[in-house]
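Participant: When you get a sec, could you give me coordinates for this:
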Amino acid sequence: MHRVTPARRFPLHTIEASRRLERTAAAALPSHTLMQCAGLAVARLALALAPHARTIWIACGPGNNGGDGLEAAAHLQRWGQHPVVTWLGDEASVPEDARASLARARSAGVTFSATPPAGLGPDDLCIDALLGLGAARAPQGRMADWLRTMRASPAPVLAVDLPSGLNAETGNFAPDSIAGDDHTTPGSWQIQAQNTLSLLSCKPGLFTAHGRDAAGTVWFDDLGVDGSAEPACAWTNSIPPRIHRAHATHKGSHGDVAVIGGEGLNRRGLGMTGAALLAASAALHGGAGRVLVSLFDDGAMTLDPALPELMFRRFEALDLRQLTVVCGCGGGDAVRPVLPQVLSQSPRLVLDADALNAIAADTSLRSLVQARARRGLATVLTPHPLEAGRLLGSGSPAVQSDRLAAVRRLADDLACTVVLKGSGTLIATPGEAPALNLTGNARLGTAGTGDVLAGLIGARLAAGAAPFQAACAAVYQHGEIADAWPPDEALTAGAMARRLRD
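Facilitator: Presented below is the predicted three-dimensional model:
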């Protein structure tokens, strides 16, 4: 059993791939062995998480997920614990393996109850074994009532395989006819587990969209089954390689980054030069040898007193063919006229914010993006869900309903590397399984952190990394800084950029 952390790379599998793994493994083992292994893994983790529990409540559903819970109850009872099982199954229709586990739980002397145990405390434990893979609709009736009871209980929750109702691929809960089906309004039954034990395969939905909040700390047990026969639909993003700098180098050895953006206040009364300066600061602190800044501002700056290392240039003075370009941060409407030249000439390019909005609205610009791959030019796009929705001609809700599918489609359609920001940021490039990032937290939800990420990707590209590797490394580092941020200190984009290390 492993705790899933960013320190190790884990393969992620779809629902169908997980089911194929289960069928293949079950066929190669004596009857009922796989469920026994799963129940044993649940029981071991439960005991480790709540060694002093007076009561362990195991809520078991009518299928095989409930069977795993029944098997865990049998083990815990034999080990001298006090599990109480509430079970929603019907012996006449329960799957064969779950029926065998039901018999084993009864034989072990497990206590069965029609209602959840009363008086659970913070040292006790609730185990959610109600629904597993492929939940298509929201829990109702007693199942929903039990989930509400768990959610309100002071006892922590351990979810078996998945928090009940969470889609294993999208990280969204099953649509709730009461709360709405927009995937944003939580239903009162939606569980927030402190721990989740993913069995046999790791599921991407545990780490993106609502998955991070719902699943808590994720543990993985492959139950002794080799899952390499099934190709991964994605991989967790892991610690990037450290950049080695030879002693005999100079500023020109580490790449030149040009940041183009920052619409001035005089144009429309909307000053956004700070976005470009944040990206430039990130590129500088992220290791770029030189950073040039070209602002869309009639009263353009010639010096940033806080960062005198930045070199300001008019756009027409930039030799785009020699530069790694970060374009769009705070660009407003002013970015549109320069995009044809940027897209045609920049050998390495990061497109963010208003550059993405301009491309979404102009098919000729979109064609220039697609043509870059045919010319062997490196391109990274960094949309948030709303920008991604515009690029796909849909909207943010459609993107959030299946983030993995959205980032794949964007990467394939535009023939470039795409970073879909959000909870569980995804990085995709044509021909490779996407990476799902595990670093980062809600403190990144503040203005300017996306500009910092764009600048950091630019620094990695300038240092010679391939687009996908540059994006994966920068996203990991970006989130890692937020995770290590002092809890009593406000996280601002400017401070974050200054803490970057190459």
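
Participant: so where do the helices sit in the stretch 151-300 of the chain?
Facilitator: Applying DSSP state H, counting those that start in this stretch to the stretch 151-300 of the chain gives helices spanning 211-215, 265-268, 273-285.

Participant: so of those helices, which one's packed in deepest?
Facilitator: Among the helices of the stretch 151-300 of the chain, ranked by average contacts under mean count of other Cβ atoms under 10 Å, first place goes to helix 273-285 (a mean of 28). All C-beta spots, glycine's among them, are computed from the backbone N, C-alpha and C.

Participant: Report all helices and strands that it contacts.
Facilitator: strand 256-263, strand 290-296, strand 324-327, helix 449-462, helix 493-498 (3 or more Cβ pairs under 8 Å, 6 or more residues apart in numbering; DSSP states H and E).

Participant: hmm, who's touching the third one?
Facilitator: The contact list for strand 324-327 (Cβ atoms under 8 Å, 6 or more residues apart in numbering) reads 255-261, 279-280, 283, 288, 335, 338-339, 342, 346-352, 355, 454-455, 457-458, 461-462.

Participant: Contacts only, for the residue lying closest to residue 455 once chain neighbours are set aside.
Facilitator: Of all residues not flanking residue 455 in the chain, residue 282 sits nearest, at 3.1 Å (Cβ to Cβ, 6 or more residues apart in numbering). With contact taken as Cβ under 8 Å, 6+ apart, residue 282 is in contact with 451, 452, 453, 454, 455, 456, 458, 459, 496, 497, 500.

Participant: now, which of the residues you listed sits nearest residue 99?
Facilitator: Of all the contacts of residue 282, residue 453 has the smallest distance to residue 99: 51.5 Å, by Cβ to Cβ.

Participant: That closest one contacts residue 473, correct?
Facilitator: No - applying Cβ atoms under 8 Å, one finds residue 453 not in contact with residue 473, separated by 11.3 Å.

Participant: beta partners of residue 261?
Facilitator: Per DSSP bridges, the residues bridged to residue 261 are residue 295.

Participant: which residues in the stretch 101-250 of the chain form strands?
Facilitator: Taking DSSP state E, counting those that start in this stretch as the criterion, the stretch 101-250 of the chain carries its strands at 111-112, 125-129, 157-160, 195-199, 217-221, 234-236.

Participant: do you know which of those strands lies nearest residue 298?
Facilitator: It is, among those and with distance given as Cβ to Cβ, strand 234-236, at 45.5 Å.

Participant: right, and the strands of the stretch 101-250 of the chain - which one's nearest residue 484?
Facilitator: strand 217-221 (17.7 Å).

Participant: Kindly write the PyMOL command that selects the buried subset of the contacts of residue 282.
Facilitator: Buried residues among these (16 or more other Cβ atoms under 10 Å), as a PyMOL selection:
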select buried, resi 451+452+453+454+455+456+458+459+496+497+500
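
Participant: Kindly indicate which of the contacts of residue 282 lies nearest residue 373.
Facilitator: The closest of the contacts of residue 282, once distances to residue 373 are taken by Cβ to Cβ, is residue 458, at 18.6 Å.

Participant: for the protein, what helix or strand is lowest in average pLDDT?
Facilitator: One helix or strand of the chain scores below all others by mean pLDDT, DSSP states H and E: helix 265-268, with a mean of 78.

Participant: Find residues that contact each of residue 453 and residue 473.
Facilitator: In contact with both residue 453 and residue 473: no residue, using Cβ under 8 Å, 6+ apart.

Participant: Check the burial of residue 328 by counting its neighbours.
Facilitator: 32 (other Cβ atoms under 10 Å).

Participant: That one and residue 62, how far apart?
Facilitator: In this view, residue 328 and residue 62 are 51 Å apart by Cβ to Cβ, to the nearest Å.
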